[in-house]
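K.L.:
sequence first, then the predicted structure:
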Amino acid sequence: IFGSFFNVVLFRKNTGESVVKDGSRCFSCGKKLRALEMMPILSFVLQGGKCRSCGSRISLQYPIVEILAGCLALAVYLRVDSVLLWAYYFAAFSLLFLIAAYDFKNQIIDTHFLYAFSFFAAVEFLTRNQPAGGFADDLASSFFIALFFYFLWLFSQGRWMGRGDADLAFGSALFLGFPLNLAMLFFAFWLGGIVGAVSACSFSSSEE
């Protein structure tokens with residue numbers, strides 16, 4: 001259900017449409033959808049991935065986002081032991097999920113999602129049980145991680161990554177704290193390298 005709402009947000013963000021007031025509709029024929037046509041995942045499957053009115057194809061983004069949001073909710077549930085903690089961490093990771101999905105779709109990190117996540121990063125930083133010097137370690141490591149991404153953006157003149165990646169790196173690093181933020185940095189580059197290699201191989205195959 002949350003994933004269904006995330007789709008509305010992703011499709012309507014920065015379009016001037018309300019994500020609350022305006023009902024869901026088919027983007028091709030404009031027909032307003034009924035409740036049976038908006039059941040997460042199930043409606044897509046039962047309708048064969050097509051609008052019941054005009055037969056136009058429904059974007060795969062809908063079931064993919066709904067499935068991933070459900071997996072995210074389950075993953076958080078398995079890691080915490082209270083409803084309040086689940087709501088808190090699910091909200092935080094949902095914002096990261098929206099940042100990633102919007103960036104994948106539009107090639108830009110949305111500042112509204114980023115600012116909202118920054119609130120959770122600040123809360124984590126301020127409430128984390130810290131040893132002596134822990135706050136300084138968290139802040140310094142987060143700053144240098146963000147600076148690293150900033151220099152990558154600066155030296156490549158935006159070809160390697162966007163300016164917003166540095167801001168996201170700072171918030172994510174602060175949210176995790178030291179030394180987990182260093183693990184985040186290494187994992188990000190390993191994952192990016194794998195994706196880059198697969199993309200390069202796919203491009204080479206398509207050229208042949």
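P.N.:
Everything's here; your move.
K.L.:
contacts and neighbour counts: CA atoms only from here.
P.N.:
OK.
K.L.:
so where's the protein uncertain?
P.N.:
Confidence mapping of the chain against pLDDT under 70 gives the ranges 131-133, 202-208.
K.L.:
just want the most central residue of it.
P.N.:
residue 97 (2.1 Å; C-alpha atoms, centre = their mean).
K.L.:
that one: which element?
P.N.:
helix 83-106 (DSSP states H and E).
K.L.:
how much does the helix or strand just after that helix deviate in direction from helix 83-106?
P.N.:
Using DSSP H and E, the next helix or strand after helix 83-106 towards the C-terminus is helix 111-127. Interaxial angle of helix 111-127 relative to helix 83-106 (axes from the mean of the first three to the mean of the last three C-alpha atoms, to 10 degrees): 140 degrees.
K.L.:
identify each buried residue in the helix holding residue 97, please.
P.N.:
86, 89-102 (16 or more other C-alpha atoms under 10 Å).
K.L.:
out of those residues, which is nearest to residue 2?
P.N.:
Set against residue 2, the nearest of these by C-alpha to C-alpha is residue 94 (9.2 Å).
K.L.:
all helices for the chain, in order.
P.N.:
2-12, 42-46, 61-79, 83-106, 111-127, 134-156, 164-176, 180-207 (DSSP state H).
K.L.:
can you convert the ones you listed into JSON lines and add a column each for distance to residue 25?
P.N.:
Conversion of those to JSON lines gives the following (distance: least, C-alpha to C-alpha, whole Å):
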{"stretch": "helix 2-12", "distance to residue 25": "10"}
{"stretch": "helix 42-46", "distance to residue 25": "14"}
{"stretch": "helix 61-79", "distance to residue 25": "13"}
{"stretch": "helix 83-106", "distance to residue 25": "20"}
{"stretch": "helix 111-127", "distance to residue 25": "24"}
{"stretch": "helix 134-156", "distance to residue 25": "39"}
{"stretch": "helix 164-176", "distance to residue 25": "32"}
{"stretch": "helix 180-207", "distance to residue 25": "34"}
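K.L.:
pick the most deeply packed of those.
P.N.:
helix 164-176 (a mean of 22; mean count of other C-alpha atoms under 10 Å).
K.L.:
for that helix, packing partners?
P.N.:
helix 111-127, helix 134-156, helix 180-207 (3 or more C-alpha pairs under 8 Å, 6 or more residues apart in numbering; DSSP states H and E).
K.L.:
possible to save those as JSON lines with distance to residue 74?
P.N.:
Output for those, formatted as JSON lines (distance: least, C-alpha to C-alpha, whole Å):
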{"stretch": "helix 111-127", "distance to residue 74": "20"}
{"stretch": "helix 134-156", "distance to residue 74": "28"}
{"stretch": "helix 180-207", "distance to residue 74": "21"}
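K.L.:
for the ones you listed, which one sits closest to residue 50?
P.N.:
helix 180-207 (28.6 Å).
K.L.:
and the residue lying closest to residue 80 once chain neighbours are set aside, how far from residue 53?
P.N.:
The shortest distance from residue 80 to any non-neighbouring residue, by C-alpha to C-alpha, 6 or more residues apart in numbering, is to residue 86 (6.2 Å). Separation of residue 86 from residue 53 (C-alpha to C-alpha, to the nearest Å): 39 Å.
K.L.:
repeat that for residue 81.
P.N.:
45 Å.
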